[in-house]
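> Fold the following for me, if possible:
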Amino acid sequence: MATRPADRRQQVARLREITQVSARHGFGYVFERRRRRRTAPEHESAAAMGRHLRELLDELGPTFVKFGQLLSTRPDLVPDEVAAELRLLQDSVSPFPFTDVQAVVQTELRADIETLFASFSAEPVAAASIGQVHIAELQSGRKVAVKVQRPSAQRRVESDLALLYQVARLARRRVKRLQFMDTVGVVDEFARSIRRELDYRIEARNAEVFRRNFADEPRVVIPRVYWTYSSARVLTMEWLEGPKLGELDLPATLMEERRRLALLMADAWLEMIFRHGVFHGDPHPANLFVLPDGRLGLVDFGQIGSLSEGDMRRLTRLLLDTVNENVDALPRRLYDLGVRFNKAQEEEFRIELREIFYRYHGASLGEIDPLQVVREAFGLIYRMQLRLPARFALLDKTLATLGSVGTELYPDFNVFEVAEPYAAELVARRYSPRALLDRGREQVEDYTGLLMELPYQVHDTLEQLRDGEVEVQFRHKGLDALTAQADVVANRLVLAIVMAGTVIGSSLIGGSAEGGWHIFGIHFLALIGFILAAGLGIVLVISIVRSGRL
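Numbers count the residues shown, from 1 in each chain. A predicted model of the protein is given here:
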């Protein structure tokens, strides 16, 4: 669809604003036209750069704030100090008018607020870039939280994404530090993420998954979704009473209670990661509620990660090889997880992994914190600038946030207190008769499939050979030098044959020709032939002498 002139003018104005704000925060070199001026300040530390980048994104507005939050989950792309600064970005903006809330609800749910709800607070309890949350009461008397999307959210997001793509292309082309990174690919990942957030039905389905997974866990509460009052731009969920974890008065809270909450939070996420294979991607204190009866409530399911059974098996192998001191197998285990490295990096990778291994030398399985093992392995991957699949980058960010929130809540926080049963379960699950039988069945099915496909593959290959569609290329090391020498020999041989032929032909002409010009008693044609043969002979002798091989 063509861009309207008004939209085009707005984009140009917005791009000019981005340029000015970037220059004010020290990133103006990205937009410099002169190549010699496109260099970042070398003296600036990573922490200072992260702070300036955070301030820049914060000033540019909600979409850029969310982009910074995505970058904070990708320490394989940005240094740890920069990622730490970007985690401080808060997705909070001024609320939009209640009249707009009424209009969105009426459009989406096909009825006005007064008909749908017994009461609906005009003031939101939370406001973010995409939507804001209001407390309401259903006609049945149930208290609910209603998230309503901003009327201009989708248009603003699409406009800012178009500008982000422009900036990404400029940065990739003009900033040497970013040439290793697929900046447009990062924006692609962000675009997919934020477009999913624009559809509240996806978040509602995620919440239903977590509610089913924690149905038998009395200590954790996942709010219920009210589908009748929900749509793509309106989400109605059960209201959780109680303060957010970040609102607790920690000095006034007993240390024993703080310890209980920290361990309960860790237990909930270990349950997600090691048993469910689906985990909440943002364990921020604003997303955790402490209910009056001591239970932990979780909200905001827009960002989740998932691990397949194969991922879990590979993570288990990584843990077991660490415990069994099998360091040489660790690069292969990480390769199976999707980490890519070349042969030159493999030995360095193995040496660095040995350094991590020495910290666990002699420890029993029960003394190994699986979260710490995974985090240290990921940290090494980032330091070596190796690429990690996005699902594991989100897992690492989740573990980092979990550790930081737990430590702030309870300074002596040690996830080992709740991690031991999960580590033991990993081993038991991997080597249980049922697990071995399942893996054996999977392998039999895989090999059976290969055998079934083999006749068709052979047939296709023969068809390609018959039709001349298969090309075989042969390359032998050192063959080029041998071919060059053969060319030299062949050229000399041809030169010698031509010279001999010229001498013989000239002799025949000189002996049989009676008429025509003669010079020194020799027919002029024969004389020309002898001179040409002599010249060829001289060239041949010189080339042989220069080669050093007489």
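
> I'd assumed Leu318 was in a strand, is it?
No - looking at Leu318 with DSSP: H, G, I helix; E, B strand; the rest coil, it is helix, so not inside a strand.

> Does it touch Leu330 like I think?
Yes - applying Cβ atoms under 8 Å, one finds Leu318 in contact with Leu330, separated by 7.0 Å. Where C-beta positions appear, they are placed from N, C-alpha and C, glycine not excepted.

> So what's the residue count around the nearest residue to Tyr229 once chain neighbours are set aside?
Excluding its sequence neighbours, the residue lying closest to Tyr229 (Cβ to Cβ, 6 or more residues apart in numbering) is Thr236, at 3.7 Å. Here the number of neighbours of Thr236 (other Cβ atoms under 10 Å) works out to 29.

> which SS state does Thr236 fall under?
Here Thr236 is recorded as strand under three-state DSSP.

> ok, it - contacts?
Thr236 makes contacts with 136, 144-147, 225-226, 229-230, as judged by Cβ atoms under 8 Å, 6 or more residues apart in numbering.

> Could you tell me what pLDDT the model assigned to Arg219?
On the pLDDT scale, Arg219 is placed at 94.

> Let me know how buried it is, in neighbour terms.
14.

> And for Leu454?
Leu454: 10 surrounding residues under other Cβ under 10 Å.

> Could you confirm it falls within a strand?
No - with three-state DSSP as the criterion, Leu454 is located in helix rather than a strand.

> Any figure for the gap between it and Asp460?
Distance, Leu454 to Asp460, by Cβ to Cβ, to the nearest Å: 11 Å.

> Please apply the same query to Val209.
Separation of Val209 from Asp460 (Cβ to Cβ): 42 Å.

> neighbour count winner among these two?
Taking other Cβ under 10 Å, Val209 and Asp460 do not tie; Val209 has more neighbours (15 against 12).

> Surely that one and Val278 touch.
Yes - using Cβ under 8 Å, Val209 is in contact with Val278, at 6.1 Å.

> residues near Leu380, how many?
Around Leu380 there are 18 residues (other Cβ under 10 Å).

> Check which helix or strand it maps to.
Using DSSP states H and E, Leu380 sits in helix 370-383.

> For the host helix or strand of Glu81, name the packing helices and strands.
Assessed by DSSP H and E, Glu81 sits inside helix 80-86. If contacts are counted by 3 or more Cβ pairs under 8 Å, 6 or more residues apart in numbering; DSSP states H and E, helix 80-86 sits against helix 46-60, helix 62-72.

> Rebuild those helices as JSON lines, extending it with mean pLDDT and distance to Phe96.
Below are the helices and strands packed on helix 80-86 laid out as JSON lines (pLDDT from 0 to 100; distance: least, Cβ to Cβ, whole Å):
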{"stretch": "helix 46-60", "mean pLDDT": "79", "distance to Phe96": "19"}
{"stretch": "helix 62-72", "mean pLDDT": "77", "distance to Phe96": "12"}
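
> tell me the mean pLDDT over the helix or strand following the helix holding Glu81?
The helix or strand immediately downstream of helix 80-86 is helix 98-109, counting by DSSP H and E. For helix 98-109, mean pLDDT is 95.
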